[in-house]
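>>> Next come a sequence and a model predicted from it.
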Amino acid sequence: MEEHKKDGVVNKNEIADVKSTLEFFQGLHGGVVAAVAERLAIACARTVVAEDKNLFLGEMSVSYLSAATINAELIADASLVRSGRNLSVVSIEIKLKETAKLVYTAHITFFHLPVSKL
């Protein structure tokens, strides 16, 4: 699958191009939504965490508020809630592009692993 990035817009057609990513009601499978949210959160956290520090996923909660149809275009907004010496917290909102209806939210906490001094 190709990775496409343009103005923070995630196109569902590009993510859901395999039948196995669709759930029974032809919406995007929750695991795919969670994986995309994690990738967005990592990119957001990396804007303030040095590349030499590893990020460890400590906690992630995803709220599936509504289903998006197969051909819906989605807009994802990731924002850094807090970042300190040892952890970062990221909040994500995913909305329908056409109506701006909120369909998924995520709250993700990363722990910063210290650089080893061997």
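On my side now, so go ahead. All values derive from a computational prediction rather than experimental measurement.

>>> how close does the closest residue to Ala45 other than its chain neighbours get to Ala72?
With sequence-adjacent residues excluded and distances taken as CB to CB, 6 or more residues apart in numbering, Ala45 is closest to Ser88, at 4.4 Å. C-beta here means a position set from N, CA and C on the backbone, and glycine is covered the same way. For Ser88, the distance to Ala72 equals 29 Å [CB to CB, to the nearest Å].

>>> hang on, the earlier thing: the residue nearest to Ala45 is in what secondary structure piece?
Element membership for Ser88, per DSSP states H and E: strand 87-96.

>>> Same check on Ile108?
Secondary structure (DSSP H and E) places Ile108 in strand 102-113.

>>> Could you name the helices and strands sitting against that strand?
Strand 102-113 sits against helix 30-45, strand 54-64, strand 87-96, with contacts defined as 3 or more CB pairs under 8 Å, 6 or more residues apart in numbering; DSSP states H and E.

>>> where does this protein dip in pLDDT?
Residues of the chain meeting the criterion pLDDT under 70: 1-26, 115-118.

>>> For it, which residue occupies the most central location?
Compute the mean C-alpha point of the chain, and by CA atoms, centre = their mean the closest residue is Ala37, 1.4 Å away.
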